[in-house]
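Engineer: For reference, the sequence and a predicted model appear below.
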Amino acid sequence: QMQLVESGGGLVQAGGSLRLSCVASGRTFSTYAMGWFRQAPGKEREFAAAISWSGGSTNYADSVKGRFTISRGNAKNTVYLQMNDLKPEDTAVYYCAAARTLLTSTREQAYDYWGQGTQVTVSS
């Protein structure tokens with residue numbers, strides 16, 4: 001089992017920034033690809049960003065490309081999501097997920113472990 005704990009969510013005004021963190025424990029973090037998904041009220045969960053095991057490959061949803069940056073620190077068992085120029089439509093619960101694959105994936109089904117989520121609210 002791998003445990004994932006997200007932090008860094010909160011309330012921010014439109015145009016502001018937040019940095020989410022996700023700390024992993026219980027498995028060899030560096031052998032997992034990591035992803036961030038989000039679920040807005042009344043909507044299905046959707047892919048936001050993913051990063052390969054080494055950090056050498058990243059993938060973003062079109063809606064966040066150019067504003068969000070995913071990164072990881074394998075020595076700290078942590079994956080980050082830097083979110084800039086936030087918009088009200090970015091309001092959602094953000095989930096960290098781990099996939100037993102070395103490559104990135106946009107598919108929820110590819111991920112084996114999930115965190116509990118952290119709320120991000122962007123006011124207009």
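Structural biologist: Thanks, I have the structure now.

Engineer: Need the three-state assignment for the residue most central in space within the chain.
Structural biologist: Taking C-alpha atoms, centre = their mean as the criterion, W36 is the residue nearest the geometric centre of the chain, at 2.3 Å. Per DSSP: H, G, I helix; E, B strand; the rest coil, the local secondary structure of W36 is strand.

Engineer: Correct me if wrong: it contacts Y94.
Structural biologist: Yes - using C-beta atoms under 8 Å, W36 is in contact with Y94, at 6.0 Å. Where C-beta positions appear, they are placed from N, C-alpha and C, glycine not excepted.

Engineer: Which residues are in contact with each of the two?
Structural biologist: Contact criterion C-beta atoms under 8 Å, 6 or more residues apart in numbering; residues shared by W36 and Y94: 20, 48, 81.

Engineer: Distance to L11 added to those residues, as CSV?
Structural biologist: Formatted as CSV, the shared contacts of W36 and Y94 follow (distance: C-beta to C-beta, whole Å):
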residue, distance to L11
L20, 14
A48, 19
L81, 17
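
Engineer: which of these has the most neighbours?
Structural biologist: L81 (27 neighbours; other C-beta atoms under 10 Å).

Engineer: That concludes my questions; thank you for your assistance.
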